[in-house]
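Enquirer: Build me a model:
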Amino acid sequence: MKKQLLNRKQFTALFLSLLFLAVFSLAALSQADPPATAIKTKTWAEKLGFPKGKTVLLLHMDDIGMCPEANAAAEHYINNKEIMSAAVMMPCPNATSFIEWAKGQPIPDIGLHLTLTSEWESYRWPSVTDPSKVPGLIDPAGKFWHEVPDVIEHASAAEAETEIRAQIEKCIALGYRPTHIDTHMGTLYGTAEYATAFFKVAQEYNIPANALDLSDPELVKKFRAQGYPMNQKIIDLAAGYRLPKLDNFTSVGSGPTYEKKRADFLAMVKALKPGLTEIIFHPSVETENLKTITNSWQQRVWEAQLFSDPIVHQFFHDEGIIITNWKEIMKRFDKNK
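Expert: All right, here's what the predicted structure looks like:
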């Protein structure tokens, strides 16, 4: 079995790196250091009407629809009202069954994990679009390419846009309008042209993407120190995105034991600055089938336990953490326009 291409920490770093590189390329920027940005007066949490100084978390389940185990974990969290936000991979075998289930639920915040890659060795999927219309997205096996660089090498932005529109339309045709969109493995931040298509589609459908607010000088400084090309033109371009943005973005990290993973997660949340932070994770229930799909199965199983853990619940209560979702965010955004 082929190993997973990226662990979750690597995925987060790649996702953010691709985000900033995409925006950098889009603006055709020089490498000169930018002037200091204006001091951010309000977080997006405050702009949306949350109390000043509060940490607001958008806890988000990725990779739903990939397999029955992911669906079962998401349904458990939603049924228990512990996690309400998830994103479905529409090209995957179990996407339709999850959307059909979600249609009967009054609360969930279900979006789409727009998918242009198929990363596992033997458990793979093709495009929603007729492959003859998006040949650059399809590998010799008739599936999506395994890795993001392969997609970028072979597929045009027009093909990527055709496919992500098809995934959105498939979900709508099933009778469910997605509440948000994001990008599997960060592919849609892989080039400036892909990023342009991603944000264009989000704004045309009025469905928010997971875009970062880059007006915070400390956030810019942090990512510049890590080698990201953050200059004023990038910040100005990000400012032009017309839908709600995130103050921060991260993921649940991996760990050698469940207890260490939980401790690291709680420490990470405690260290967050006030504002709206999306934290992604990839829950699945444990089965032998899951173990044949991905070597990250243990982390996914622990992530299916983490947010049912009384210690985590008590931590959120003690710290005064506010939990939100994309559906609520858009309601607040529309109200405050």
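Enquirer: What ranges does the stretch 1-150 of the chain have for its strands?
Expert: Assigned by DSSP state E, counting those that start in this stretch, the strands in the stretch 1-150 of the chain fall at 55-64, 85-88, 109-114.
Enquirer: do you know which of those lies nearest Ser254?
Expert: Closest to Ser254 of those, according to C-beta to C-beta: strand 55-64, at 14.4 Å. From N, CA and C alone the C-beta is placed, and that goes for glycine too.
Enquirer: Counting neighbours, what do you get for Lys200?
Expert: Lys200 has 11 neighbours, counted by other C-beta atoms under 10 Å.
Enquirer: quick one: it from Gly136, how far?
Expert: From Lys200 across to Gly136, the span is 19 Å (C-beta to C-beta, to the nearest Å).
Enquirer: Met90 now?
Expert: Taken as C-beta to C-beta, the span from Met90 to Gly136 is 19 Å.
Enquirer: More neighbours: the two, which one.
Expert: For Met90 and Gly136, the more surrounded residue by other C-beta under 10 Å is Met90, and the numbers stand at 27 against 15.
Enquirer: On the three-state scheme, the closest residue to the more buried one other than its chain neighbours is what?
Expert: Nearest non-adjacent residue to Met90, counting by C-beta to C-beta, 6 or more residues apart in numbering: Gln167, 4.1 Å away. Assigned with DSSP: H, G, I helix; E, B strand; the rest coil, Gln167 falls in the helix class.
Enquirer: which residues does Gln167 contact?
Expert: Met90, Pro91, Leu112, Leu114, Thr115, Val128 (C-beta atoms under 8 Å, 6 or more residues apart in numbering).
Enquirer: before we move on, what about Val301?
Expert: Per C-beta under 8 Å, 6+ apart, neighbours of Val301: Pro283, Ser284, Val285, Glu286, Leu290.
Enquirer: Assumed the fourth one was part of a strand.
Expert: What it means is Glu286. No. The assignment for Glu286 is coil, going by three-state DSSP, so no strand is present there.
Enquirer: Now for it: which residues touch it?
Expert: So Glu286 contacts Glu69, Trp297, Val301, Ala304 (C-beta under 8 Å, 6+ apart).
Enquirer: would you turn those into JSON lines with secondary structure and distance to Glu278?
Expert: Shown next, in JSON lines, are those (DSSP: H, G, I helix; E, B strand; the rest coil; distance: C-beta to C-beta, whole Å):
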{"residue": "Glu69", "secondary structure": "helix", "distance to Glu278": "23"}
{"residue": "Trp297", "secondary structure": "helix", "distance to Glu278": "24"}
{"residue": "Val301", "secondary structure": "helix", "distance to Glu278": "22"}
{"residue": "Ala304", "secondary structure": "helix", "distance to Glu278": "19"}
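Enquirer: quick one: which two of these are the most distant?
Expert: With C-beta to C-beta as the measure, no two of the contacts of Glu286 lie farther apart than Trp297 and Ala304, at 10.5 Å.
Enquirer: Determine the residues that are contacts of both of those two.
Expert: Ser284, Glu286.
Enquirer: of these two, who's got more company?
Expert: Between Trp297 and Ala304, counted using other C-beta under 10 Å, Ala304 has the larger neighbour count: 23 against 19.
Enquirer: What pLDDT does the model give the more buried one?
Expert: On the pLDDT scale, Ala304 is placed at 97.
Enquirer: I'd say it and His76 touch.
Expert: Yes. Assessed by C-beta atoms under 8 Å, Ala304 is found in contact with His76 at 7.2 Å.
Enquirer: Overlap of the contact sets of those two?
Expert: Joint contacts of Ala304 and His76 (C-beta under 8 Å, 6+ apart) are Val285.
Enquirer: I'd assumed Leu174 was in contact with Glu100.
Expert: Yes. Using C-beta under 8 Å, Glu100 is in contact with Leu174, at 6.9 Å.
Enquirer: Chain neighbours aside, what residue packs nearest to Ala158?
Expert: Nearest residue to Ala158 in three dimensions, chain neighbours excluded: Ala197, at 7.8 Å (C-beta to C-beta, 6+ apart).
Enquirer: Next: Pro68.
Expert: In space, Pro68 is closest to Asn94, 5.6 Å off (C-beta to C-beta, 6+ apart).
Enquirer: same check, this time on Ser308
Expert: Spatial nearest neighbour of Ser308, chain neighbours left out: Glu82 (5.8 Å); criterion: C-beta to C-beta, 6+ apart.
Enquirer: Burial check on that neighbour, number of neighbours?
Expert: 16.
Enquirer: Kindly report the same for Lys337.
Expert: Residues lying near Lys337 (other C-beta under 10 Å) number 4.
Enquirer: before we move on, the earlier item: out of Glu100 and Leu174, which sits in the busier spot?
Expert: Neighbours per residue (other C-beta under 10 Å) separate Glu100 from Leu174, with Leu174 holding more: 15 against 12.
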